[in-house]
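Chemist: Below: sequence and its predicted model.
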Amino acid sequence: MTLGGYLNEALVSLRLNALRSTLTAIGVIIGVAGIIVLGAANGGAAYKIDEQIAMLGSRTLTVFSSAAANAGVRGPAVMLSDEDAAVIREHVPDIQFVSREVDGKVTIIARNTSWTAEYSGVDSSYADVFDVRLAKGRFFDDAEVRHGVKVIVLGATVARKLFGEESPIGKSARVEGVPMKIIGVRVPLGKFGGAGDLDNSLMVPITLARTRLPQFEKTPAAHQLSQIDVKLVPDANREATKQAILALMRERKHVRDGEQEKFEVFDASQFVELLNTTGSSLSWLLGATAVISLVVGGVGIMNIMLVTVTERTHEIGLRMAIGARKRDILSQFLMEAIVLCVVAGAVGLALGIVGGYIVARLSGWPLIIGPGTVTAAVLASAGVGIVFGYLPARRAAALNPIDALRRE
Amino acid sequence: MSECKTSFATPPAISCRGLWRTYNLDGQKLHALRNVTFDIKRGEFVAVMGASGSGKSTLANLLGALDKSTSGELATDGYSVAGMSDDVLARLRNQAIGIVFQQFNLLPRMSALENVILPLNYSLLIGIDKEVIGRTKLEEVGLANRLHHIPSQLSGGQQQRVAIARALVNNPTIIIADEPTGALDTKTSHQIMSLFAELHSKGLTVILITHEPDIAAYAKRLLRFRDGELIADTFEDTSLANELEVKP
């Protein structure tokens, strides 16, 4: 018989037992839906990772003195300096932009509202290093940094807390009592893990910060830095550049071989990827549930196919009596199991898309269901049909025509 | 197979030589057929008669290639059935033999036409219009206006006609009918038998299994069975009588 013939007979047979077929298919439906939701969750998570990397800066490395070195454990505190930033810019290959940075916490007052936020005192190139996007206004330029002009760029949270819906551009705010002009507001970045609200921040020229604002470091020397922010050229080797910076810093600070590192280089992309590996345990759980459901569903399919074969023994005998070969009978029942599973797979696919949409909405991800996920779902359901339909089909094919025909 | 040689130029439609069919029931051997030997020429109309348990249905199953003999030789159109693989046996049932059952054995969810063309689905033929063939066969058995009825919408006689059309759909040379009128009333039985007589007149070999003498009377030759043994082989057409003899 032709493939179409088997297909047609399978559909007719399944329609005749519509309720039974539906109940049997539920396991496979849930299994396939699980695979789709899993795929959507993974796709959404991957998107989230990209988004977080973009938030922390792609192609961005941050150099800072390690905690122990900073605290002066085993020897005096070792700090980064303006000179280190210049040398890195000068000597490490594949670097596009470098910004010095000093950090601290300040109180900012505007319109009778007081608010506490972290500030970054930076060069104008900071905007390039972190691809700073502004909702309003502009970032400060080189001249403003050189002259320590009292201008600030607000993070989205600070702007909202102090000015509400009003535009803060051109307005004045007192930062640690110093009146400063607001020239820009950043696009919201969102919250990021332990780092808290990335938008509760403001940016000022580094020169201004050094002269007028308190820094985290207790008694910073005039040329000291909290960190150095580095932007790599596109397609740069992140790891190689990281090692080059570390080697350069070891040399500059006379760190001997085997001695503890005084500096660290933070790679945001690596960090985000590492952070998100923990999320995959949930994926594993969901994946395992989907697989178990498929197996249980498959056993259900096998069971119902065995019942079908028993019920239709007489029909099998008749078909053999008029010329069906064993392989014809095998194909017929195998096809029936496969069709049942593939139809279940299609229903599962639809349910999975709905489920994936719900998961995406709850997590704030976009709904991403790739062709790979759909292919996996279809192959999984057909696979279940073949694997669990084979035994009943073989049992049908192995029947002796006369014995089968005698059975009513 | 030297003893299989006959006086005919072509091999007989059916040739049985020392056929035994033994069932093993709880360690007890039950001989359904005992040393049965006969030939059926092409184009013959043979009735196989006997009481229930005489072995006539067992014989029908063997002739229909549904079952295999325990020992002895059975050849269909000169080909020994014993050595045939399952696939070749299926092909034999599909192409060379048309079988008709007492209970019609139509598939209940299929229309008359679908039932008739079912064997074509197993024929490995391509480029044939199955529906046209099916219609033609249903017209031949007088059911041109019942193509799309399902079996439950048809009378017993009509159902048996569908079954006969199905048996004919691959143009077999041999028709085996196992109690074809057993489930029909007398009037319908005779209509069905007229159909078999017509098939015989067209040159088909018809083997009719029955226990009713008036049904067997349609045949031109009678094989009588008792307790698995062939006890009599009589020809209505006496011109054939001296061609074959039966060793009791």
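Modeler: That came through fine.
Chemist: Give the buried residues for stretch B:61-79.
Modeler: B:61-67, B:69, B:72-77 (16 or more other CB atoms under 10 Å in any protein chain shown). Every C-beta, even on glycine, is put in place using the N, C-alpha and C of the backbone.
Chemist: ends of it, how far apart?
Modeler: Using CA to CA, to the nearest Å, the end-to-end distance of stretch B:61-79 comes out at 17 Å.
Chemist: so how far is that stretch off the chain centroid?
Modeler: 12 Å (CA atoms, centre = their mean, to the nearest Å).
Chemist: hmm, that stretch touching chain A?
Modeler: Yes. Stretch B:61-79 is in contact with chain A by CB under 8 Å from any CB of the partner chain, via B:Asn61, B:Gly64, B:Leu66, B:Asp67.
Chemist: separation between the second one and B:Gly98?
Modeler: This points to B:Gly64. For B:Gly64, the distance to B:Gly98 equals 9 Å [CB to CB, to the nearest Å].
Chemist: Likewise for the last one?
Modeler: Plainly put, B:Asp67 is 17 Å away from B:Gly98 if you go by CB to CB.
Chemist: What sits closest to the residue of the stretch 201-350 of chain A found nearest chain B if chain neighbours are left out?
Modeler: Nearest residue of the stretch 201-350 of chain A to chain B: A:Gly323, at 2.3 Å (CB to the nearest CB). Spatially, and ignoring its direct neighbours in sequence, A:Gly323 is nearest to B:Asn94 (2.3 Å; CB to CB, 6 or more residues apart in numbering or on different chains).
Chemist: Chain B against chain A: which residues are in contact?
Modeler: Those residues of chain B that sit near chain A, judged by CB under 8 Å from any CB, are B:61, B:64, B:66-67, B:86-87, B:90-91, B:93-95, B:99, B:105, B:107, B:109, B:118-119, B:121-123, B:166-167, B:170.
Chemist: ChimeraX command to pick out the buried ones of those residues?
Modeler: ChimeraX command restricting the residues of chain B next to chain A to the buried ones, with burial defined by 16+ other CB under 10 Å:
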select /B:61,64,66,67,90,91,93,94,95,99,105,107,109,118,119,121,122,123,166,167,170
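Chemist: Give the residue spans of the chain that score low on pLDDT.
Modeler: As the question left the chain open, I've gone with chain A. Within chain A, the stretches with pLDDT under 70 are A:1, A:55, A:67-77, A:191-195, A:218-220, A:258, A:275-282.
Chemist: that's the wrong chain, I wanted chain B
Modeler: In chain B, residues with pLDDT under 70: B:1-9, B:237-248.
Chemist: quick revisit: cross the buried residues of stretch B:61-79 against strands and list the overlap.
Modeler: B:Gly72, B:Glu73, B:Leu74, B:Ala75, B:Thr76 (DSSP state E).
Chemist: So which residue is dead centre in chain B?
Modeler: Per CA atoms, centre = their mean, the C-alpha nearest to the average position across chain B is that of B:Ile176, at 0.7 Å.
Chemist: what's next to stretch A:324-335, contact-wise?
Modeler: A:1, A:3, A:6-7, A:9-10, A:305, A:308-309, A:316, A:319-320, A:385-386, A:389-390, A:392-394, A:396-399, B:86-87, B:90-91, B:94, B:122 (CB atoms under 8 Å, 6 or more residues apart in numbering or on different chains).
Chemist: Does the top strand by length along chain A pack against any helices or strands, and if so which?
Modeler: In chain A, with assignment by DSSP E, the single longest strand is strand A:95-110. Packing partners of strand A:95-110 (3 or more CB pairs under 8 Å, 6 or more residues apart in numbering or on different chains; DSSP states H and E): helix A:82-91, strand A:113-122, helix A:126-129, helix A:156-163, strand A:172-175, helix A:206-212, strand A:224-225, strand A:227-232.
Chemist: thought A:Asn42 was touching A:Leu286?
Modeler: No. Using CB atoms under 8 Å, A:Asn42 is not in contact with A:Leu286; the gap is 9.3 Å.
Chemist: Could you pull out the strands in the stretch 151-300 of chain A for me?
Modeler: With DSSP state E, counting those that start in this stretch as the criterion, the stretch 151-300 of chain A has strands at A:151-154, A:172-175, A:178-186, A:201-205, A:224-225, A:227-232, A:263-267.
Chemist: Turn these into a markdown table, columns for mean neighbour count and distance to chain B.
Modeler: Below are the strands of the stretch 151-300 of chain A laid out as a markdown table (neighbours: other CB atoms under 10 Å in any protein chain shown; distance: least, CB to the nearest CB, whole Å):
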| stretch | mean neighbour count | distance to chain B |
| --- | --- | --- |
| strand A:151-154 | 26 | 75 |
| strand A:172-175 | 18 | 82 |
| strand A:178-186 | 20 | 70 |
| strand A:201-205 | 26 | 73 |
| strand A:224-225 | 24 | 82 |
| strand A:227-232 | 24 | 65 |
| strand A:263-267 | 19 | 65 |
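Chemist: any chance of the helices and strands packed on strand A:95-110 in TSV, with distance to A:Gly356 too?
Modeler: Output for the helices and strands packed on strand A:95-110, formatted as TSV (distance: least, CB to CB, whole Å):
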stretch	distance to A:Gly356
helix A:82-91	45
strand A:113-122	37
helix A:126-129	36
helix A:156-163	30
strand A:172-175	45
helix A:206-212	46
strand A:224-225	46
strand A:227-232	35
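Chemist: Show me the one of those that comes nearest A:Val185.
Modeler: Nearest to A:Val185, of all the helices and strands packed on strand A:95-110, is helix A:156-163, at 4.6 Å by CB to CB.
Chemist: which helices and strands sit right next to the closest one?
Modeler: Where contact means 3+ CB pairs under 8 Å, 6+ apart, helix A:156-163 is packed against strand A:95-110, strand A:113-122, strand A:178-186, strand A:201-205.
Chemist: separation between the closest residue in space to A:Ile369 that isn't next to it in sequence and chain B?
Modeler: Closest residue to A:Ile369 apart from its sequence neighbours, by CB to CB, 6+ apart: A:Ala40 at 5.2 Å. Separation of A:Ala40 from chain B (CB to the nearest CB, to the nearest Å): 40 Å.
Chemist: Does A:Ala40 touch A:Ile358 like I think?
Modeler: No. In this structure, A:Ala40 is not within contact of A:Ile358 by CB under 8 Å, at 9.5 Å.
Chemist: who has more neighbours, the two?
Modeler: Taking other CB atoms under 10 Å in any protein chain shown, A:Ala40 and A:Ile358 do not tie; A:Ala40 has more neighbours (26 against 13).
Chemist: Quickly note the distance from the more buried one to A:Ala377.
Modeler: 11 Å.
Chemist: Quickly list what's touching both of these two.
Modeler: Among the neighbours of A:Ala40, those also in contact with A:Ala377 (CB under 8 Å, 6+ apart) are A:Gly352.
Chemist: For the residue nearest to A:Ile369, list the residues it contacts.
Modeler: A:Gly352, A:Ile353, A:Gly355, A:Gly356, A:Tyr357, A:Val359, A:Ala360, A:Leu367, A:Ile368, A:Ile369, A:Thr373.
Chemist: Would you agree the third one is in contact with A:Ala33?
Modeler: Just to be clear, that refers to A:Gly355. Yes. With contact defined as CB under 8 Å, A:Gly355 reaches A:Ala33; the gap is 5.7 Å.
Chemist: Who has more neighbours out of the two?
Modeler: A:Ala33 (25 against 18).
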